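Asker: From the sequence below, what's the structure:
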Amino acid sequence: MCMPDTDASMRDLLVELVTTSSRFARLAARLGSDEHPRAWMRALSLLEEYQPLRISEFAVIDRCSQPSATALLKKLVDQGLVERTSDPSDSRAVLVETTDKGAAWLADGRAFIGDGLVPYLSDLDPEQLKKLTDGLGELRTMLKTSISDQ
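Answerer: Numbers count the residues shown, from 1 in each chain. Take a look at the predicted model:
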C-alpha cells in the first residue's frame, strides 16, 4: 500500500511521539520509590481516569488477564487504596474505584517521581515545560474524544 508523503510524515512523527513519551515514562518510573510499586501506580491512575470500573473492564484497559486484574485490585483493596461496591446494574458484578487514601497515595507517588525528575530538567525554562504539558494535555483530550466517538 502506497502512502502519500504527508501521511508517511505524520505516521513518522506519531511514532517518534510515542517512542519519546514511552522513554520519558520509563525514566520517570525508574525514579519512583519502592513504596510506590509501578503496577499499583498504573492501576490507580487508570481508576482515577475511568472509575468506577468492573474488574473485566479494568483488565481490558490495562491489557492484562482478568485473574491478574483481580489479584492486583485485591492487593489494593487490602491496602485500603481501592474499594469494591456492588454494580447497581448487575448484582453479580462489582465495581472498583479509588478511596481517598488511594488518591492521596497516588498523589504522593507522583510527587516523588516529580521530585526525581527535577534534577534532569532543572535547566528547562518553566514556560517551555508548561507548553509541553499543555500540548500533551490537548493531545490526550483529542484522543479521548475521538476514541469515545468510535
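Asker: which residue ranges form the helices in the chain?
Answerer: Assigned by DSSP state H, the helices in the chain fall at 5-30, 38-50, 55-62, 66-78, 100-121, 126-148.
Asker: Let me have these in a markdown table, extended by mean pLDDT and mean neighbour count.
Answerer: Any C-beta I mention is one placed from the backbone N, CA and C, and that applies to glycine too. A markdown table is the format used below for these (pLDDT from 0 to 100; neighbours: other CB atoms under 10 Å):
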| stretch | mean pLDDT | mean neighbour count |
| --- | --- | --- |
| helix 5-30 | 90 | 11 |
| helix 38-50 | 95 | 17 |
| helix 55-62 | 95 | 17 |
| helix 66-78 | 97 | 16 |
| helix 100-121 | 94 | 14 |
| helix 126-148 | 86 | 10 |
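Asker: Go through those and name the closest to residue 84.
Answerer: Taking CB to CB, helix 66-78 is the member of the helices of the chain nearest to residue 84, at 5.9 Å.
Asker: helices and strands around the lengthiest strand in the chain, which ones?
Answerer: Ranked by number of residues, the top strand in the chain under DSSP state E is strand 90-98. Applying 3 or more CB pairs under 8 Å, 6 or more residues apart in numbering; DSSP states H and E, one finds that strand 90-98 makes contact with helix 38-50, strand 53-54, helix 55-62, strand 82-87.
Asker: Quick check: which helices or strands does the third one pack against?
Answerer: If I follow you right, that is helix 55-62. Where contact means 3+ CB pairs under 8 Å, 6+ apart, helix 55-62 is packed against helix 38-50, helix 66-78, strand 90-98.
Asker: Can you list the strands that the last one pairs with?
Answerer: Put plainly, it is strand 90-98. Strand pairing for strand 90-98, using DSSP bridges, gives strand 53-54 (antiparallel), strand 82-87 (antiparallel).
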